[in-house]
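Visitor: Got a predicted model here, sequence first, then my questions.
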Amino acid sequence: MANTPFISKRAAAYADIPDDKWNNWRWQLSNRINTVEEFAKVLNLTESECEALSAPGLFRVDITPYFVSLIDPNDPNDPVRKQIVPVASELKPFTAMMEDSLAEDRHSPVPGLVHRYPDRVLMLVTTQCASYCRYCTRSRIVGDPSATFSRAEFEMQIEYLKRTPQVRDVLLSGGDPLVLAPKILEEILTRLREIPHIEIVRIGSRVPVFMPMRITDELTDMLQKFHPLWLNIHVNHPNEISAELAEACDKLTRAGIPLGNQAVLLAGVNDNVHVQRELVQKLVRIRVRPYYLYQCDLVEGAGHFRTPVAKGIEIMEGLRGHTSGYAVHQYIVDAPGGGGKIPVLPNYLISMSDHKVVLRNFEGYITTYEEPTDYMPEKSAKFLGSKRPEPGQTGITGLLDGDEMFIKPEGFDETHDRHGLQHRLKDVKKWMPLGIGEEKEEK
């Protein structure tokens, strides 16, 4: 694979388009396809696809000419096709389906800002994308022109960030920030950089994948004024990695922007360890670090993409040790109901005692690690800074630090208080045996 060059593709329907138009990102946006008639010029549509494209109330469909050109027009199971061309299965509800499966709205102090974690926020700056994924987590608002964020809402986001000093990391998303007009994107970044306690700005974007010609020298020159700036792209299958994407990523990395990749585990697209290994290895070739592999969210229209969590663990088992460690992403379940990202791994820890742990490797090799018996935690490295995270969000760290003894779910005490009559078990101290409660009073 290392000697195989990445290739460019252009569908036959676009063969006569001049290169200066084809390579212009504004032309790509203006010529996205979304109807049965337009698709039929590029692909041999199936009955299921025609049914979905004609259905009322369908989540928005728009695909750039560049990205649709990556599809094999005669293969209904093409992995790129499945991600962006709707099928009838999308119209069927499924068990546990939710409109806002990650409870983003509940964690939104002002419109468009999601403050789920103590020191970082998700800032939604647009509802528009270059193309629309059929499994979109934010399909309740994304693609809806009437749901765009106003200037007043943007000012509310900025004011919230100014008065919330624990926020050190802002992730720009939407929609896709890189579809914004360059001046608007520059203004957003400028305003964020004026807030002293914001250390890092991240952008989540699929524009380099859907429309790599958007990554111009002018864009990278502007972005690198706002370092430290990080960018995560979204590639799900090796077929999405083209010569154009490789060039776009090269421009971004040369501008000093570290790149990561967030993929979603999708049935029939990438639910195979060999496909995933090829994906992460190709990403590393274009200097993109695999970051997250997400379990598909419980959003409307995504039921046919879902896999068991066991499939994700199987894939992780087949990556760890079988390719470079920095090419192995984290497998994540973004907890329904707003619990945040939960990493899920195969079990490499078999057993432990007070001085030894038993571990296995990817081959099934089992070993032991002898632990120190003279380790003294009270002499561990001293921390001189202020404690993080903030009170009330310490979680397991609070237990380990000794600040908390237990973690109770909301309403736990009320549920377990049976409201019975006063009796001896409720007056614990009175009935404690000697040596546990107060000492016996001497007469």
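Guide: It's in. Numbers count the residues shown, from 1 in each chain.
Visitor: which residues of this structure score low on pLDDT?
Guide: 1-3, 386-394, 403, 416-443 (pLDDT under 70).
Visitor: Go ahead and flag the most central residue of it.
Guide: Geometric centre of the chain, nearest residue: residue 262, 5.7 Å, by CA atoms, centre = their mean.
Visitor: which residues does that residue bridge with?
Guide: Using DSSP bridges, the bridge partners assigned to residue 262 are residue 292.
Visitor: quick one, what contacts it?
Guide: Applying CB atoms under 8 Å, 6 or more residues apart in numbering, we find residue 262 in contact with 204, 232, 233, 234, 291, 292, 294. Any C-beta I mention is one placed from the backbone N, CA and C, and that applies to glycine too.
Visitor: Give me the buried subset of the residues you listed.
Guide: Among the contacts of residue 262, those scoring as buried are 204, 232, 233, 234, 291, 292, 294 (criterion: 16 or more other CB atoms under 10 Å).
Visitor: if I pick the closest residue to the third one other than its chain neighbours, what's in contact with it?
Guide: Spelled out, it's residue 233. Nearest residue to residue 233 in three dimensions, chain neighbours excluded: residue 208, at 5.1 Å (CB to CB, 6 or more residues apart in numbering). Applying CB under 8 Å, 6+ apart, we find residue 208 in contact with 178, 214, 215, 233, 245, 248, 249, 252.
Visitor: Strands - which of these land there?
Guide: Among the contacts of residue 208, DSSP state E puts residue 233 in strands.
Visitor: Distance to residue 169 added to the contacts of residue 208, as a markdown table?
Guide: Formatted as a markdown table, those follow (distance: CB to CB, whole Å):
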| residue | distance to residue 169 |
| --- | --- |
| 178 | 19 |
| 214 | 24 |
| 215 | 23 |
| 233 | 18 |
| 245 | 26 |
| 248 | 24 |
| 249 | 22 |
| 252 | 19 |
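Visitor: quick one: which of the contacts of residue 208 is nearest residue 144?
Guide: residue 178 (19.0 Å; CB to CB).
Visitor: thought that closest one was touching residue 209?
Guide: No. The criterion here is CB atoms under 8 Å, and residue 178 misses it with residue 209 at 10.6 Å.
Visitor: Which SSE is immediately downstream of the strand or helix carrying residue 400?
Guide: Per DSSP states H and E: residue 400 is located in helix 396-401. Next in sequence after helix 396-401, counting helices and strands by DSSP H and E, comes helix 412-416.
Visitor: list the buried ones in the helix holding residue 400?
Guide: Neighbour-count burial for helix 396-401, counted by 16+ other CB under 10 Å, picks out residue 398.
Visitor: With stretch 143-155 instead?
Guide: 143, 147, 149, 153, 154.
Visitor: how about the nearest residue to residue 27 once chain neighbours are set aside, phi and psi?
Guide: Nearest residue to residue 27, sequence neighbours excluded (CB to CB, 6+ apart): residue 21, at 4.6 Å. Main-chain torsions, residue 21, degrees, to the nearest 10: phi -80, psi -50.
Visitor: again, but for residue 408
Guide: Dihedral angles (degrees, to the nearest 10) for residue 408: phi -110, psi 130.
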